[in-house]
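Trainee: Return atomic coordinates for the entry below.
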Amino acid sequence: MKKVSLAFVLSAVLFSPLSNANDNLDAIQLAVEHSSRSADNVQRDQYRHPAETLHFFELTPNSTVVEISPGGGWYTEILAPLLAAHGKLYAAHFPSNSTSEYYNTHRAAFVEKLAANPIYNRVVLTEFAVNNEQEIAPAGSADIVLTFRNLHNWYSQNGDAALLAAYKQFYTALKPGGVLGVVEHSLPAAQKDSDWVKSGYVPEELAIKLAEQAGFVLEAKSDINANPKDTADYEHGVWTLPPSFRLKQQDRAKYVAIGESNRMTLKFRKPVTQ
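Mentor: Next comes the predicted model:
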């Protein structure tokens, strides 16, 4: 693709009668290449395929997006420049009144990140926790809700009930016809009867079933983030693999060769008619 500015591509997408899905993909790719991204995060594109993933979830530069539990802001670094001119980004981070030191430390680091660069000036910081009464975004306002590798955290809190409650919050925030995009570490079907809850992996069948119970319709799956080298049978779960390397230097070359986890990539739709 010819090197042009993100602003130029955004204008083409928004104002040209010929704009199409390829224009949106070009805009996403330019956001992926944005100079504000950290070098360490860019190195992980080979495992996370951000341009293809966001395109699959139907992002456009004028989408209203809710990013759930953005952590350190890996995807925020891409979403913020993409949506800065004509879209809207809600970052639903840990609650500000949490008693968890982990939550408070990571939220504070994220707030500091947002304040450090004007590319984040229009990001709206909200809060998310399972059964939290605060809005992640105004009800019925979002075109897209995104969650990356979070389902296992919620499921470990209270099983089906916790994950179902999270899905219901996403459903409330979305417009009719809106998209829920889910990326999660995928448990092999052969291991569904094992003690998997603390492994970091989630059965795809379960992720889909609970989303459907919340009212969503599964529209499509993608192998964009699949990794057949991942056997998902490690003593320290998914955190054995990069980037966590729970075993530190032990067998590090082996886990580097495997790469990041095998992930399901699911696109759900909130029905237009109830």
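Trainee: quick one: secondary structure of the residue lying closest to Phe94 once chain neighbours are set aside?
Mentor: Using Cβ to Cβ, 6 or more residues apart in numbering and skipping the chain neighbours, the partner closest in space to Phe94 is Tyr103 (3.9 Å). The C-beta positions use only the backbone N, C-alpha and C, and glycine is treated the same way. The local conformation at Tyr103, judged by DSSP: H, G, I helix; E, B strand; the rest coil, is helix.
Trainee: Helices along the stretch 101-250 of the chain, start to end?
Mentor: With DSSP state H, counting those that start in this stretch, the ranges of helices along the stretch 101-250 of the chain come out as 101-116, 151-173, 204-213.
Trainee: Identify all contacting residues around the strand or helix carrying Met264.
Mentor: According to DSSP states H and E, Met264 maps onto strand 263-269. Residues outside strand 263-269 that contact it (Cβ atoms under 8 Å, 6 or more residues apart in numbering): 53, 56-58, 149, 177-186, 202, 204, 207-208, 211, 216-227.
Trainee: Buried only: go through those for me.
Mentor: 53, 56-58, 149, 178-186, 202, 204, 207-208, 211, 216, 218, 222, 224-227 (16 or more other Cβ atoms under 10 Å).
Trainee: and the residues you listed, which of them are in strands?
Mentor: Gly178, Val179, Leu180, Gly181, Val182, Val183, Glu184, His185, Ser186, Val202, Leu218, Ser222 (DSSP state E).
Trainee: Dump these into CSV; add distance to Phe128 and pLDDT as well.
Mentor: Shown next, in CSV, are those (distance: Cβ to Cβ, whole Å; pLDDT from 0 to 100):
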residue, distance to Phe128, pLDDT
Gly178, 17, 98
Val179, 18, 98
Leu180, 14, 99
Gly181, 15, 99
Val182, 14, 99
Val183, 16, 98
Glu184, 16, 98
His185, 19, 98
Ser186, 23, 98
Val202, 18, 98
Leu218, 22, 98
Ser222, 24, 98
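Trainee: Can you tell me the number of residues neighbouring Lys192?
Mentor: 13 (other Cβ atoms under 10 Å).
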